[in-house]
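S.K.: Predicted model follows, preceded by the sequence.
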Amino acid sequence: MSYLGWTHAVCQQHLSRHVFPKILEIGVHYGQTTLPLVQNLAHGFEKFLYVGVDIWIRPQLDEQLSQFSDINIIIHGRAERSAASGRDVILFEENSLDWLTSQTGNTKFDVVFLDGDHNYQTVFQELNLIQSLLKPASILVCDDYNGKWAEKDQFYSAKDEYESVKIATPYDFSEKQGVRTAIDEFVNNNVDRWRGLHRIDLEPIILFNPHVYEAVEISSTNDVWKTLKNRPFPIRRLRA
Ligand SMILES: C[S@@+](CC[C@H](N)C(=O)[O-])C[C@H]1O[C@@H](n2cnc3c(N)ncnc32)[C@H](O)[C@@H]1O
C-alpha cells in the first residue's frame, strides 16, 4: 500500500517547523509516496534530505525523479553518484536490514516511513534498528498496521517478479506473524519511548514519543493534523 494523502500532511504540518528536514523511506516501490514527498520537500524547504531504501529501485523512479529541477539525486551503486548538496534525494538499492545495520547514527531522521517487507521478523528488527537514527521528536509512520498483512506474513522474495532480486529476505516461517504483531511488541517493549495511534479505517499507524507529543493524527481525507483531544475518532488501542 501507499500512505494515501499522508505525505502532504506530514510535510505541511509535522515538518513545517523544521529548517532542514530529513526523511527516511523504507520500501519505495514505484515512488507513489516518494514523488509527492520529494515534491513537497523541494517546494517547501531550502535544505532537505530524503533517503529511500528498497531491494529493487525501479528505473521508472529514477526517470521520474530526474524530471524534478533543483534537487540532487544520488543513487548508490550507480555511476552517476555525486556529492551531497543540501537538497538531496538519495536512493539505496539494499535490503533494509543490511542498510540499517550499516548506519553509524550520524544522520538522524525527523520522519521515517516504514513499508518494506510485510512480515513480523523484518518489521520487528527494522523498528529496533531504526531507533538509533531518530531524534526525540521524530515520528515513525508504519504502513500495513491494519489490513491484509496485520497478522499474516508476506515476504517479497516469494513473489514471482522478485525472482531475480537476490537481496530480498528469504521466506522464514515464524510462529509470530504480521506487521501489527511486530509493531505491538515493539511498542509494548518500549512504552516509555513509543506510543502508537491509528484509525481502524486506515492502514498506517503513527508512532511518537509521548514525552514530546500528547497525540498526533493524520486524516487522509482532508490533510489535517490535529490533537486528538479536539477531534475524537475511533481508535483501536494497542493490545497489552
Ligand atoms: C508496499 S511496497 C512500498 C510502497 C511505498 N511505500 C508506497 O508508498 O508506494 C513495498 C516495497 O518494499 C520493498 N522491500 C521488500 N522487502 C524489503 C527489504 N527487506 N528492504 C527494503 N525494501 C524492501 C519492495 O521491493 C517494495 O518495493
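M.R.: On my side now, so go ahead.
S.K.: Do a quick rundown of the helices in the chain.
M.R.: 6-9, 34-44, 59-65, 96-102, 120-130, 179-189 (DSSP state H).
S.K.: The ligand: which of the ones you listed is closest?
M.R.: Closest of the helices of the chain to the ligand is helix 96-102, at 3.3 Å (criterion: Cβ to the nearest ligand atom). (Glycine included, C-beta is placed from N, CA and C.)
S.K.: Could you list the low-confidence segments of this structure?
M.R.: Along the chain, segments meeting pLDDT under 70 span 1-2, 4-5, 77-82, 217-240.
S.K.: Residue numbers of it in contact with the ligand?
M.R.: Residues of the chain found near the ligand (Cβ under 6 Å from any ligand atom) are 1-3, 26-29, 32-33, 53-56, 95-97, 115-117, 122, 156, 168-169.
S.K.: List only those of these flagged as buried.
M.R.: Buried members of the residues of the chain next to the ligand, counted by 16 or more other Cβ atoms under 10 Å: 1-3, 26-29, 32-33, 53-55, 95-97, 115-117, 122, 156, 168-169.
S.K.: Next one: the residue nearest to the spatial centre of the chain from residue 207, what distance?
M.R.: The chain has residue 113 as the residue nearest its centroid, 1.2 Å off, counting by Cα atoms, centre = their mean. Going from residue 113 to residue 207 by Cβ to Cβ, to the nearest Å gives 12 Å.
S.K.: list residues touching both of the two?
M.R.: Contact with both residue 113 and residue 207 is made by residues residue 141, according to Cβ atoms under 8 Å, 6 or more residues apart in numbering.
S.K.: so who does the residue nearest to residue 29 when sequence neighbours are not counted touch?
M.R.: Closest residue in space to residue 29, ignoring its immediate chain neighbours: residue 54 at 6.9 Å, by Cβ to Cβ, 6 or more residues apart in numbering. Contact analysis of residue 54 by Cβ under 8 Å, 6+ apart lists 26, 27, 28, 29, 91, 92, 93, 116.
S.K.: my read: residue 147 touches residue 203, true?
M.R.: Yes. Counting by Cβ atoms under 8 Å, residue 203 is a contact partner of residue 147 at 4.5 Å.
S.K.: In strands, which of the residues of the chain next to the ligand fall?
M.R.: 26, 53, 54 (DSSP state E).
S.K.: Name the single longest strand found in the chain.
M.R.: Per DSSP E, the chain has its longest strand at strand 134-142.
S.K.: Could you list every helix and strand in contact with it?
M.R.: Here strand 134-142 touches strand 109-114, helix 120-130, strand 205-208, going by 3 or more Cβ pairs under 8 Å, 6 or more residues apart in numbering; DSSP states H and E.
S.K.: Let's have these in JSON lines, adding distance to residue 43.
M.R.: Compiled in JSON lines, the helices and strands packed on strand 134-142 are given as follows (distance: least, Cβ to Cβ, whole Å):
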{"stretch": "strand 109-114", "distance to residue 43": "17"}
{"stretch": "helix 120-130", "distance to residue 43": "27"}
{"stretch": "strand 205-208", "distance to residue 43": "23"}
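S.K.: what about residue 16, distance to the ligand?
M.R.: To the ligand, residue 16 is 21 Å away according to Cβ to the nearest ligand atom, to the nearest Å.
S.K.: With neighbour numbers in mind, choose between residue 147 and residue 203.
M.R.: residue 203 (22 against 17; other Cβ atoms under 10 Å).
S.K.: residues in contact with the more buried one?
M.R.: So residue 203 contacts 1, 143, 144, 145, 146, 147 (Cβ under 8 Å, 6+ apart).
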